[in-house]
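Trainee: Dropping a prediction and its sequence here:
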Amino acid sequence: MVSLGIILAGAEVFTNGIEWLGKRLNLAEGAVGSILAAVGTALPETMIPIIAIFLGAEGAGEEIGIGAILGAPFMLATLAMFITGVAVIANRKKREQFPRLSLDTSVMSRDLGFFLIVYTMAMLAAFIEVRWWKMVVVGLLVLAYAVYVVQTLKVEKKVEEEHLSPLLLARGNTSPDLGLILLQVAAALGAIVLGAHIFVDSVDNIARLVGVPRFVLALIIAPVATELPEKFNSIIWISKGKDTLALGNITGAMVFQSSLIPALGITFTEWHLTTGALLSALLALGSAAAVFFQIVIKKYLTPYILMVGGMFYVAFVVLVVTGIIQ
């Protein structure tokens, strides 16, 4: 879709600008990576539900928004994990400890522990009828992500500063003005909003033509198109033996996508989830739990447990294709 191309291009420009903004503001590397860069890389899949909920057609917008909100954690916990596991096996000849990954298990257990707690809270909120109590859950989700960021920054390890790509609006300038940086960030944000708006309308039209629920299309198409290309960074890191970076790239995004974004959905929608929506959440939680418990119990991780997520993803798609999930 043209809309997804606009979103991804805008995200690339936004991320480039936000990295330079962090440098100009003299923010610590951890703050840039965990806060500014996290916002940049998550922006495409985040803007789709925001635009759907606020600017989409009545009913359709909310359905597409909820599908996109649930789609990111589902894809990350299943398909992205599977691809990473395949990458480990493909590079097994380079690995002396194969099948064990060279991994900081404390980072993984922390991320997955947060994910299992906050995503379960978000799903349970769907069964709460009293609006006030739903807003309590929203507050807890926001607080949980704040605690996660603080913990992440506390254990930050100093690494060598990586070379930044030139600012796209000033390729020949090694120290661009703050105004130019902000202009690039604003322009990129505008492109992402435009692309997300077109995408929401497209999903609604396609759903009408083929008779597939809007939330299913948003749940499957949006995260694969916006998140999966970015997660191929994990394959590169796996090939270099940087397993903690590879999996942290996925699990860090899982925490963000299962806390702040569902909080937005709970706040601005009725947050009533269909059977298919709940099933996708349960599959995501099951895949993440399998990885979490191997790390906690065995104190190591193998690619085979990561590949379980692929089975869950295929199972969900088969249920959609066969019409069992409506």
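Mentor: It's in. Residues are numbered from 1 along each chain as shown.

Trainee: Now stretch 68-88: buried residues?
Mentor: Neighbour-count burial for stretch 68-88 flags 68-88 (criterion: 16 or more other CB atoms under 10 Å). In this view, the C-beta of every residue, glycine as well, is placed from N, C-alpha and C.

Trainee: quick one: low-confidence ranges for the stretch 101-250 of the chain?
Mentor: Counting by pLDDT under 70, the stretch 101-250 of the chain shows low-confidence ranges at 153, 155-164, 192-193, 196-197, 199-201, 203-208, 210-219, 221-233.

Trainee: can we see that at 50?
Mentor: In the predicted model of the stretch 101-250 of the chain, residues 157-161 satisfy pLDDT under 50.

Trainee: And the helices in it?
Mentor: 105-124, 131-154, 178-210, 214-226, 228-231, 233-239, 243-268 (DSSP state H, counting those that start in this stretch).

Trainee: Which elements pack onto the last one?
Mentor: When contacts are defined as 3 or more CB pairs under 8 Å, 6 or more residues apart in numbering; DSSP states H and E, helix 243-268 packs onto helix 37-55, helix 60-75, helix 81-90, helix 105-124, helix 131-154, helix 233-239.

Trainee: does A263 really touch V142, like I thought?
Mentor: Yes - with contacts counted by CB atoms under 8 Å, A263 reaches V142, the gap being 5.5 Å.

Trainee: Same drill for those two, tell me which one is more crowded.
Mentor: A263 (25 against 16; other CB atoms under 10 Å).

Trainee: can you list contacts of stretch 115-130?
Mentor: 73, 77, 134, 137-138, 140-141, 144-145, 251, 254-255, 258-259, 262-263, 266, 271-273, 278, 281-282, 284-285, 288-289, 292 (CB atoms under 8 Å, 6 or more residues apart in numbering).

Trainee: can you pull the alpha-carbon coordinates of it into CSV?
Mentor: Extracted in CSV, the C-alpha atoms of stretch 115-130 (Å, rounded to 0.1, in the frame of the first residue of the first chain):
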residue,chain,number,x,y,z
PHE,A,115,5.3,-7.6,29.3
LEU,A,116,3.5,-10.5,30.9
ILE,A,117,2.2,-8.3,33.7
VAL,A,118,1.2,-5.2,31.8
TYR,A,119,-0.3,-7.0,28.8
THR,A,120,-2.4,-9.2,31.2
MET,A,121,-3.6,-6.1,32.9
ALA,A,122,-4.6,-4.5,29.6
MET,A,123,-6.6,-7.6,28.6
LEU,A,124,-8.3,-7.9,32.0
ALA,A,125,-9.5,-4.3,31.6
ALA,A,126,-11.8,-5.5,28.8
PHE,A,127,-13.9,-7.3,31.4
ILE,A,128,-14.3,-4.3,33.7
GLU,A,129,-17.6,-2.6,33.2
VAL,A,130,-17.0,0.4,35.6
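
Trainee: separation between F74 and M81?
Mentor: Using CB to CB, to the nearest Å, F74 is found at 11 Å from M81.

Trainee: With G286 instead?
Mentor: 11 Å.

Trainee: just to revisit the earlier point, export the helices of the stretch 101-250 of the chain to JSON lines and tack on distance to G172?
Mentor: As requested, these are exported to JSON lines (distance: least, CB to CB, whole Å):
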{"stretch": "helix 105-124", "distance to G172": "38"}
{"stretch": "helix 131-154", "distance to G172": "34"}
{"stretch": "helix 178-210", "distance to G172": "12"}
{"stretch": "helix 214-226", "distance to G172": "31"}
{"stretch": "helix 228-231", "distance to G172": "28"}
{"stretch": "helix 233-239", "distance to G172": "27"}
{"stretch": "helix 243-268", "distance to G172": "31"}
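
Trainee: what kind of secondary structure is Y300 in?
Mentor: The three-state assignment at Y300 reads coil, by DSSP: H, G, I helix; E, B strand; the rest coil.

Trainee: residues in contact with it?
Mentor: So Y300 contacts 100-101, 103, 105, 294 (CB under 8 Å, 6+ apart).

Trainee: For it, report the pLDDT, please.
Mentor: Per-residue confidence (pLDDT) for Y300: 90.

Trainee: H272 too?
Mentor: pLDDT, H272: 81.

Trainee: and if you look at the one 10 residues further on?
Mentor: Here the pLDDT value assigned to L282 is 93.

Trainee: Contact partners for it?
Mentor: Residues in contact with L282, defined by CB under 8 Å, 6+ apart, are M123.
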